[in-house]
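Student: This is a predicted model, with the sequence first.
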Amino acid sequence: ASSGDRGTMLDVVTRTAEQVFIPLTVGGGVRTVEDVDRLLRAGADKVSVNTAAIARPEVLREMSERFGSQCIVLSVDARTVPEGEQPTPSGWEVTTHGGRRGTGIDAVEWARRGEELGVGEILLNSMDADGTKAGFDLKMIEAVRAAVHVPVIASGGAGAVDHFAPAVRAGADAVLAASVFHFRELTIGQVKDAMRAEGIVVR
């Protein structure tokens with residue numbers, strides 16, 4: 001996401017948008033209103049922001065006021081506050097650098113603040129669950145769902161078809177998976193079928 005790679009990233013977004021006909025959300029290195037403008041013009045439907053918002057929360061308001069809330073996603077990389085560090089009210093804190101660097105910001109309160117600043121979605125990534133394939137962090141999803149009214153996308157921990165429905169029941173409006181699809185351990189069709197079998201409406 002370094003600024004030196006920005007041109008390459010825009011090219012990737014443009015080429016992807018030409019081939020993909022479902023909503024396309026792009027994140028990584030988004031720092032300014034101008035970055036959002038460039039990505040939307042390149043073909044993104046939505047833009048995800050994390051580190052820049054932590055550094056200056058008001059940038060979320062500037063982005064949402066210019067492009068509309070529906071375009072702006074707040075990515076929240078949250079983890080359990082490590083033992084020995086200052087606890088947060090919810091027990092989870094926002095992190096940067098792929099979950100390696102804590103901020104001391106309460107994750108649930110940060111999601112609420114993002115909504116106040118105008119974001120249209122919360123991408124909630126549990127850094128504790130990420131990569132474990134042991135299932136989504138249901139308690140975290142429930143806590144954030146209770147705090148905000150905008151859609152919540154649950155991320156981190158998907159490893160089996162029966163992991164997805166519980167995340168939706170916990171309050172997620174959408175569920176995200178990466179490695180299980182990338183390495184073809186599961187198919188999107190299998191996941192959708194399993195969710196339908198649980199009575200969840202999917203397209």
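Tutor: In hand now; what should we look at? Numbers count the residues shown, from 1 in each chain.

Student: State whether Ala78 is indeed within a helix.
Tutor: No - looking at Ala78 with DSSP: H, G, I helix; E, B strand; the rest coil, it is strand, so not inside a helix.

Student: Can you tell me the number of residues neighbouring it?
Tutor: Residue neighbour count, defined by other C-beta atoms under 10 Å, stands at 30 for Ala78. C-beta here means a position set from N, CA and C on the backbone, and glycine is covered the same way.

Student: Show me what it is bridged to.
Tutor: When assigned by DSSP bridges, Ala78 has beta-bridge partners Val94, Ser126.

Student: Touching, it and Val94? I think so.
Tutor: Yes - between Ala78 and Val94 there is a contact at 6.0 Å, judged by C-beta atoms under 8 Å.

Student: Could you name every residue contacting both of these two?
Tutor: Ala107 (C-beta atoms under 8 Å, 6 or more residues apart in numbering).

Student: most centrally placed residue in the chain?
Tutor: If you average the C-alpha coordinates of the chain and look for the closest C-alpha using C-alpha atoms, centre = their mean, you land on Leu123, 2.2 Å from that point.

Student: Please tell me how far the spatially most distant residue from the centre of the chain sits from Gly102.
Tutor: Computed with C-alpha atoms, centre = their mean, the maximum C-alpha offset from the centroid of the chain is found at Gly84, amounting to 27.5 Å. Distance check for Gly84 against Gly102: by C-beta to C-beta, to the nearest Å, it reads 12 Å.

Student: Chain neighbours aside, what residue packs nearest to Met140?
Tutor: Ser126 (5.5 Å; C-beta to C-beta, 6 or more residues apart in numbering).

Student: quick one: terminal-to-terminal distance for stretch 164-177?
Tutor: Taking C-alpha to C-alpha, to the nearest Å, the first and last residues of stretch 164-177 lie 9 Å apart.

Student: cool, and stretch 14-24?
Tutor: Across its full length, stretch 14-24 reaches 11 Å end to end, with C-alpha to C-alpha as the criterion.

Student: With stretch 182-190 instead?
Tutor: 14 Å.
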